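Q: this one's sequence-less:
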C-alpha cells in the first residue's frame, strides 16, 4: 500500500500549503496597484461572497445570527488586520521572507496562550519560544535594515507588520477558545470574513485608488478571495476533520516552501543561505513551542500530531 492511500488527507495537506503559499504572490501583485487596505478589503469581501452561499446551502445561517458578535470580532483579528498588514509587508520585503515570518503563528500562539489563558509551557516549549524568537532576530537583522528602501519605507516596518499579523492570529485563537462557543467550521469561517469586510470597508474606501485595476490585479484579487481564502478555508476544515487539528496545524511549516518557490520563479526574488538557515531555526523553535517535536520524541509509537 502506498503512502497516499494510507494517508488520504495528504493530498489536501499539500494542496492547502500550495494555495496558501501562493497568497503572498497574489498579494504582491494586487497591493502594488491598489495598496494594502483595498487589497485586504476586497480579498475578504470576495471570500464572504464565496462562502455565504455555502453557509445557506448547509442551513447554518441561523447559528451565525445567534453568535454573530464574537464571530465577527474574531474576523477582525484573524483576517481583517492580518491581511492588511501582510499586504503592506509584501510591498516592501520579499514574499519569501514574509512567508517565513508567517510560519511563526504557532510560536506567537503559545506565547499569547501563556500570557492570556495561563497555559504555561513546559521546558521543551519554553526552549522552542527562545529558539524561535532568536531565529526571528537573526533573520530580521541579517536580511533587512532600518534604512528606507526604494519605496521610501524601512523594511523593518514590514517585518514588524508581519509579526503584528502573527500576533493577531494568536490573539484570535485565544479569544476564540475563551469566548466563542463550539460552532461548525463554515459558520466561523463565513462570519469571520464578513466581520473583516465590515471592518475594512471604510478605510479601504478612504484610501481607494483613483483608477480601475488592470486585468492582472483583478485576477490576483479573485485568486486571493476565492482560492486563497474561500477554497482554502474549506480545505483546511476538511483537513481538520480527516487528519485532526494537530496535523492540520503543521501545514504552516510547508507554506514557506511554496511561497519561496513562487517568489523565485514568478518574481525573480533571491533566496539566500542566511534565509534558509534562519528559517530552519524559526521552524524548529515553532515546532517545539507548538508541541510537535515533543510529541515525536515522547511518544514514538504515535504518528506526529495524532490525537489520543
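A: Received it, and whenever you're ready, just let me know what you need. Being a predicted model, the structure only gives us computed values, none of them experimental.
Q: buried sites along stretch 244-251?
A: Neighbour counts using 16 or more other Cβ atoms under 10 Å place 246, 247, 248, 249, 250, 251 of stretch 244-251 among the buried residues. Just so you know, the C-beta spots here come from the backbone N, C-alpha and C atoms, and that holds for glycine as well.
Q: for that stretch, give the mean pLDDT please.
A: Here the mean pLDDT over stretch 244-251 is 71, rounded to a whole number.
Q: now do stretch 90-106
A: When pLDDT is averaged along stretch 90-106, the result is 87.
Q: point out where the protein drops to low pLDDT.
A: When the per-residue scores of the chain are filtered using pLDDT under 70, the ranges that remain are 1-7, 142-146, 148-151, 245-246, 290-308.
Q: spatially central residue in it, please.
A: By Cα atoms, centre = their mean, the chain has its centre lying nearest to residue 102, at 6.1 Å.
Q: among the buried residues of stretch 244-251, which are in strands?
A: If you go by DSSP state E, those have nothing in strands.
Q: among those residues, which one sits closest to residue 133?
A: Looking at these and their distance to residue 133, the nearest is residue 249, at 19.1 Å (Cβ to Cβ).
Q: my guess is the closest one contacts residue 110. True?
A: No - using Cβ atoms under 8 Å, residue 249 is not in contact with residue 110; the gap is 11.4 Å.
Q: for the stretch 101-250 of the chain, just list every one of the helices.
A: Using DSSP state H, counting those that start in this stretch, the helices assigned to the stretch 101-250 of the chain run over residues 105-117, 123-143, 155-179, 185-206, 215-222, 232-243, 245-249.
Q: which one of the ones you listed lies closest to residue 262?
A: helix 215-222 (12.2 Å).
Q: relative to the whole chain's centre, how far out is that closest one?
A: Centre-to-centre, helix 215-222 and its host chain are 20 Å apart (Cα atoms, centre = their mean, to the nearest Å).
Q: thinking again about what came up before, do you know which of the helices of the stretch 101-250 of the chain lies nearest residue 60?
A: Residue 60 sits nearest to helix 185-206 of all those, at 5.2 Å, using Cβ to Cβ.
Q: tell me which other helices or strands that closest one touches.
A: Counting contacts by 3 or more Cβ pairs under 8 Å, 6 or more residues apart in numbering; DSSP states H and E, helix 185-206 is packed against helix 36-57, helix 61-66, helix 68-75, helix 81-89, helix 232-243.
Q: which residues does that helix contact?
A: For helix 185-206, the surrounding residues in contact (Cβ atoms under 8 Å, 6 or more residues apart in numbering) are 37-38, 40-42, 44-45, 47-48, 51-52, 54-55, 58, 60, 63-64, 67-68, 71-76, 78-81, 83-84, 176, 180, 229, 233-234, 237, 240.
Q: report the buried members of those.
A: Restricting those to buried positions leaves 37-38, 40-42, 44-45, 47-48, 51-52, 55, 60, 63-64, 67, 71-76, 78-81, 83-84, 176, 180, 229, 233-234, 237, 240, with burial counted as 16+ other Cβ under 10 Å.
Q: about what we covered before: as TSV, the buried residues of stretch 244-251 with distance to residue 260 would be great.
A: Supplementary listing: the buried residues of stretch 244-251 in TSV, determined by distance: Cβ to Cβ, whole Å:
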residue	distance to residue 260
246	25
247	23
248	22
249	20
250	18
251	15
